[in-house]
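Peer 1: Turn this into a model:
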Amino acid sequence: MNESLRHDGRRPDEKRPVSIEIGTMKFAEGSALIQVGDTRVLASASVEKRVPRFLERSEQGWLTAEYAMLPRATQERSQREVSRGRVSGRTAEIQRLIGRSLRAVVDLRAMPGFTLTIDCDVLQADGGTRTASITAGYVAAAQALGRSLLAGDIARWPMTDTLAAISMGIVNNRPCLDLDYVEDSSADVDMNLVATGSGKLVELQGTGEKRSFERQELDALLDLGMQGITELIAEQDAVLAEVLADVRTLQEKGERRPAPPKDEASLWGEPEEKGERKV
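Peer 2: You can find the predicted model right below:
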């Protein structure tokens, strides 16, 4: 095997094969199934006419996320967290990461009174489940918000930028992109990057697992990560092409007002005059 290649035959700057399928769930307003190598995550987006109590008197909506892993997503069965009565610290951390990452590219003032909940369920884990969840979560959110806009539930497009996430690390003293489980578990340095299509950083998580690292190594990892983000956003744009085309068409027609609620007269018809009886 070529020594310049990784254990699975990839170049150091090569991400794993990625496929994204949109609209995989019948009832969710938005959904996406992503496969990154052998990691598979199902993301769904639910739109509800409510907001948390702390936002009830505000003019904005909310976006939150939940994350879970199926018991046999890993090599050995893990106990369902619901049976423990609480989520683990890792799950809570990932949920917060997904939520705040997506809120960075959603204008909550454009969806007043609505909550968008992103559910990410790991079907199979082989490294990078949190980054795959964010990447799929963006696709599900875009589909759900596109439907809300086209239905007239919200007046304008809430998304301000594109968003994706990917991992990087130093493995065998080489900066590498998109680590699988084998590499992640043995990496000297482990890093996750969340960034926008316009090149802005949303979150950077980096840890020297086995050693410290130099500034130039950080720069090399960031360059790899931004390259991966660009490639992932191209994948997202391809599967969202129809949704985004409909949104652009509506935007060209001008801002759309939410559909007004129907009053009782329109629901029940005109009241009968006293003494009259309809037959």
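Peer 1: Show me where the stretch 151-279 of the chain dips below the pLDDT cut-off.
Peer 2: Within the stretch 151-279 of the chain, the stretches with pLDDT under 70 are 255-279.
Peer 1: switch to 80 and redo it
Peer 2: 254-279 (pLDDT under 80).
Peer 1: need the strands for it, in chain order.
Peer 2: For the stretch 151-279 of the chain, the strands defined by DSSP state E, counting those that start in this stretch cover 163-171, 174-177, 189-196, 201-208.
Peer 1: Distance to residue 63 for those - can I get that in a markdown table?
Peer 2: C-beta coordinates here come from the backbone N, C-alpha and C atoms, glycine included. Output for the strands of the stretch 151-279 of the chain, formatted as a markdown table (distance: least, C-beta to C-beta, whole Å):
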| stretch | distance to residue 63 |
| --- | --- |
| strand 163-171 | 12 |
| strand 174-177 | 28 |
| strand 189-196 | 15 |
| strand 201-208 | 14 |
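Peer 1: Pick the most deeply packed of the ones you listed.
Peer 2: strand 163-171 (a mean of 27; mean count of other C-beta atoms under 10 Å).
Peer 1: That one pairs with which strands, and in what direction?
Peer 2: strand 174-177 (antiparallel), strand 189-196 (antiparallel) (DSSP bridges).
Peer 1: Select, out of those strands, the one closest to residue 60.
Peer 2: strand 189-196 (20.4 Å; C-beta to C-beta).
Peer 1: now that closest one, how far from the centre of its chain.
Peer 2: 15 Å (C-alpha atoms, centre = their mean, to the nearest Å).
Peer 1: Let the chain start at 22 from now.
Peer 2: Sure, I'll start counting at 22 from here, so that last one is strand 210-217.
Peer 1: Run the angle between it and strand 222-229 for me.
Peer 2: 180 degrees (axes from the mean of the first three to the mean of the last three C-alpha atoms, to 10 degrees).
Peer 1: what's across from the residue nearest to residue 35 when sequence neighbours are not counted in the sheet?
Peer 2: Spatial nearest neighbour of residue 35, chain neighbours left out: residue 198 (6.5 Å); criterion: C-beta to C-beta, 6 or more residues apart in numbering. Counting by DSSP bridges, residue 198 forms beta bridges with residue 189.
Peer 1: Could you double-check that residue 198 lies in contact with residue 57?
Peer 2: No - taking contacts as C-beta atoms under 8 Å, residue 198 lies outside contact range of residue 57: 11.6 Å.
Peer 1: tell me what the longest helix seen in the chain is packed against?
Peer 2: Secondary structure of the chain per DSSP state H: the longest helix is helix 236-260. If contacts are counted by 3 or more C-beta pairs under 8 Å, 6 or more residues apart in numbering; DSSP states H and E, helix 236-260 sits against strand 39-43, helix 150-172, strand 184-192, strand 195-198, strand 210-217, strand 222-229.
Peer 1: Mind checking those for the one nearest to residue 74?
Peer 2: Closest among these, once you apply C-beta to C-beta, is helix 150-172, at 22.2 Å.
Peer 1: re earlier: same question for the longest helix of the chain: list its buried residues.
Peer 2: 238-239, 241-243, 245-250, 252-254, 256-257, 260 (16 or more other C-beta atoms under 10 Å).
Peer 1: now do stretch 168-188
Peer 2: So, applying 16+ other C-beta under 10 Å, buried residues of stretch 168-188: 168-170, 174-175, 178-180, 182-188.
Peer 1: and residue 89, how many neighbours?
Peer 2: By the measure other C-beta atoms under 10 Å, the count of residues near residue 89 is 16.
Peer 1: With residue 26 instead?
Peer 2: 12.
Peer 1: I am finished for the moment; much appreciated.
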